[in-house]
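[1] whatever this is, show me its structure:
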Amino acid sequence: MNNVKNVFSIKDLENLSGIKAHTIRIWEKRYDILQPMRTDTNIRLYDLASLQKLLNITLLHDYGYKISKIATYPQEKIPSLVREIISSKTAKSHAISEFKMAMMNFDQELFFNTYNWLIAEKSFKEIFHQVFIPLMNELGLLWQSDTITPAHEHFISYLIKQKLLINTEKLQVLKQTKNDKVFVLSLPMNEIHELGLMYLNYEVLLHGYKTIYLGESMPIENLKDLKKHFNSIVYVSYMTVQPERDILDNYIQKMSEELLDDNTELWYIGRMVEFIKKDELPEKITIFNSISELVDWI
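    Got it, this is the predicted structure:
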């Protein structure tokens, strides 16, 4: 898991491209679109160039090009065609493919070039919802299937965080327009998956509210300190892997006892919220199943 990949199995290609391994084998046999290396035991292996070619072919195929036709094109024509057909409809899938290649190749320049191309046509909010959220969802599955390593995930996550911080700072210097409540954003103890919470901080600022961003591993007793400084608080907690299921409801109960009053709300989001027992929650606790759902509630 800790070795950086530059050679891929056919299953890796399936996970990264969305094209079934069976289909890839057929395309190879009938049209010679890829030329895999072979191990001594005849197992197919592919390099980064093969991955890039397959991602481009996938985009062309999704756009209506037949594989039999694509197979006749010279090597240099395929990326050229991809550039020609990119439109608002294909931008999302192309950008996700380019970010995947940037990640697999640890290529910062490709990441920045792709981002700059997107930001010329879209707002940062559109890029995050249309490209970064689907990309991060895919990365979780790729990591679970050993297609990528923690090094890949950390590399791309850090670059996305950089863009989030830059765009968040632009909002922080503006005067807030809504003063009825303050949002305090944090992660539970031992929770380190921060990207979603960072984006929510951006969205709350975009809506004109003041935010207090506290980040990862925040003890409940420290959250309570904020009540000395602000009258009306919405505590936002992003739970990706923590608290663990066997202590989750006790954690929610403790937060309720320590923080809830007439001027306080608790908002929960993240993968773990599906395991919260919702039938007896106080009315000032709100559970969100997605970032979009929470943003609509602000």
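[2] work out the gap between the longest helix along the chain and the centre of the chain.
    In the chain, assigned by DSSP state H, the helix with the most residues is helix 150-172. Relative to its chain's centre, helix 150-172 lies at 11 Å (Cα atoms, centre = their mean, to the nearest Å).
[3] ok, residues contacting whichever helix or strand comes after it?
    Once helix 150-172 ends, the next helix or strand along the chain (criterion: DSSP states H and E) is strand 182-186. Strand 182-186 has contacts (Cβ atoms under 8 Å, 6 or more residues apart in numbering) with 197, 200-201, 204, 209-216, 218, 223, 226, 230, 232-238. For every residue, glycine as well, the C-beta is placed using N, CA and C.
[4] mark which of those residues are buried, thanks.
    Among the contacts of strand 182-186, those classed as buried by neighbour count (16 or more other Cβ atoms under 10 Å) are 197, 200-201, 204, 209, 211-214, 216, 218, 223, 226, 233-238.
[5] that older thread, which parts of the longest helix of the chain are buried?
    So helix 150-172, judged by 16+ other Cβ under 10 Å, has buried residues 152-153, 155-157, 159-160, 163-164, 167-168, 171.
[6] and stretch 66-81, by the same measure?
    Counting neighbours by 16+ other Cβ under 10 Å, stretch 66-81 gives 70, 78, 81 as buried.
[7] lowest-confidence one in the residues you listed?
    Ranked by pLDDT, the buried residues of stretch 66-81 bottom out at Leu81, which scores 83.
[8] which residues in the protein form helices?
    10-17, 21-31, 48-62, 67-70, 77-85, 91-104, 108-119, 124-127, 133-144, 150-172, 195-206, 220-224, 245-259, 291-297.
[9] just for the stretch 101-250 of the chain, where's the confidence low?
    144 (pLDDT under 70).
[10] chain neighbours aside, what residue packs nearest to Leu139?
    Closest residue to Leu139 apart from its sequence neighbours, by Cβ to Cβ, 6 or more residues apart in numbering: Glu153 at 5.7 Å.
[11] and Asp62, by the same measure?
    The nearest residue in space to Asp62 (Cβ to Cβ, 6+ apart) is Ser93, at 6.7 Å.
[12] and the one you found, how many neighbours?
    18 (other Cβ atoms under 10 Å).
[13] hmm, it is touching His61, no?
    No: contact criterion Cβ atoms under 8 Å: Ser93 and His61 do not qualify, at 11.1 Å.
[14] now do the same contact list for the residue nearest to the spatial centre of the chain.
    Among the residues of the chain, Met136 comes closest to the average C-alpha position under Cα atoms, centre = their mean, at 2.3 Å. Contact analysis of Met136 by Cβ under 8 Å, 6+ apart lists 157, 160, 195.
[15] repeat that with 10 Å
    128, 153, 156-157, 160, 193, 195-196, 199 (Cβ atoms under 10 Å, 6 or more residues apart in numbering).
[16] would you turn these into a markdown table with distance to Leu110?
    Below are those laid out as a markdown table (distance: Cβ to Cβ, whole Å):
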| residue | distance to Leu110 |
| --- | --- |
| Phe128 | 19 |
| Glu153 | 17 |
| Ile156 | 11 |
| Ser157 | 16 |
| Ile160 | 14 |
| His193 | 25 |
| Leu195 | 20 |
| Gly196 | 24 |
| Tyr199 | 22 |
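[17] hey, C-alpha coordinates of stretch 169-179 in PDB?
    Extracted in PDB, the C-alpha atoms of stretch 169-179 (Å, rounded to 0.1, in the frame of the first residue of the first chain):
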ATOM      1  CA  GLU A 169      -9.400  34.000   2.200                       C
ATOM      2  CA  LYS A 170     -11.100  36.100  -0.500                       C
ATOM      3  CA  LEU A 171     -14.300  35.900   1.500                       C
ATOM      4  CA  GLN A 172     -12.800  36.300   4.900                       C
ATOM      5  CA  VAL A 173     -11.700  39.900   4.100                       C
ATOM      6  CA  LEU A 174     -15.200  40.900   3.200                       C
ATOM      7  CA  LYS A 175     -17.600  42.400   5.800                       C
ATOM      8  CA  GLN A 176     -20.200  39.800   7.000                       C
ATOM      9  CA  THR A 177     -23.800  40.700   6.000                       C
ATOM     10  CA  LYS A 178     -25.600  38.400   8.500                       C
ATOM     11  CA  ASN A 179     -25.200  38.700  12.200                       C
END
